[in-house]
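Trainee: Sequence first, then the predicted structure, then my questions.
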Amino acid sequence: MSSAVAPERRSGWVMFAAVVLFSVGFLRIISGISYFKNSAAINDLTRGAFGDHLWAWGVWDICIAALALLAGLSLLGGVGFLTPGFGRVVAYVWAVLVIVQGFMLIGQAPWYSAGMIALAALVIYGLTSHPAEEGYR
């Protein structure tokens with residue numbers, strides 16, 4: 001009798017959601033750093049939610065990046081409190097915040113907003129289309 005353990009099977013959509021979360025998380029870190037730098041390459045956000053306070057947008061982007069990286073790590077099967085169920089909840093919260101931000105910025109940066117709304121919607125679809133497995137950690 002063999003004691004080999006069967007390999008873990010995760011949904012491709014859950015893996016896609018984790019990869020998107022990591023990608024957007026690293027992009028948001030770079031974006032947050034550029035906001036802190038007060039770069040001239042940034043669109044005019046003076047009529048946005050935080051006005052002309054680019055440091056506040058930097059803090060917002062760093063928080064969104066932290067949520068994305070935490071959720072991505074949890075979805076891939078983290079340790080301790082970073083369970084896949086916790087990752088799903090954090091990913092849902094992340095997606096809702098990104099969708100709300102996308103609608104807030106759609107007047108200033110329509111293509112960026114549309115892209116972020118689409119990615120967040122794909123993450124929600126990926127997590128809801130495949131039910132959570134109970135024992136895949």
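Mentor: That came through, no problem.

Trainee: Against which helices or strands is the longest helix anywhere in the chain packed?
Mentor: As assigned by DSSP state H, the longest helix anywhere in the chain is helix 12-37. With contacts defined as 3 or more Cβ pairs under 8 Å, 6 or more residues apart in numbering; DSSP states H and E, the packing partners of helix 12-37 are helix 54-75, helix 84-105, helix 110-129. Glycine gets a C-beta too; all of them are placed from N, C-alpha and C.

Trainee: quick one: contacts for V14?
Mentor: Listed by Cβ atoms under 8 Å, 6 or more residues apart in numbering, the contact partners of V14 are L75, P84, G126, L127, H130.

Trainee: Can you give me the buried ones in the longest helix of the chain?
Mentor: Neighbour-count burial for helix 12-37, counted by 16 or more other Cβ atoms under 10 Å, picks out 13-14, 17-18, 20-22, 24-25, 28-29, 31-32, 34-35.

Trainee: Below-threshold pLDDT in this structure: ranges please.
Mentor: Residue ranges of the chain with pLDDT under 70: 1-10, 38-53, 78-80, 132-137.

Trainee: correct me, but R28 touches I64?
Mentor: Yes - the pair R28 / I64 is scored as a contact, 5.1 Å apart, by Cβ atoms under 8 Å.

Trainee: what about P131, how many neighbours?
Mentor: 8 (other Cβ atoms under 10 Å).

Trainee: Can you tell me the SS state at it?
Mentor: Three-state assignment for P131 (DSSP: H, G, I helix; E, B strand; the rest coil): coil.

Trainee: what sits against it?
Mentor: By Cβ under 8 Å, 6+ apart, no residues touch P131.

Trainee: how close does it get to G58?
Mentor: 37 Å (Cβ to Cβ, to the nearest Å).

Trainee: And S113, by the same measure?
Mentor: S113 is 18 Å from G58, by Cβ to Cβ.

Trainee: same thing with G85?
Mentor: For G85, the distance to G58 - Cβ to Cβ - is 31 Å.
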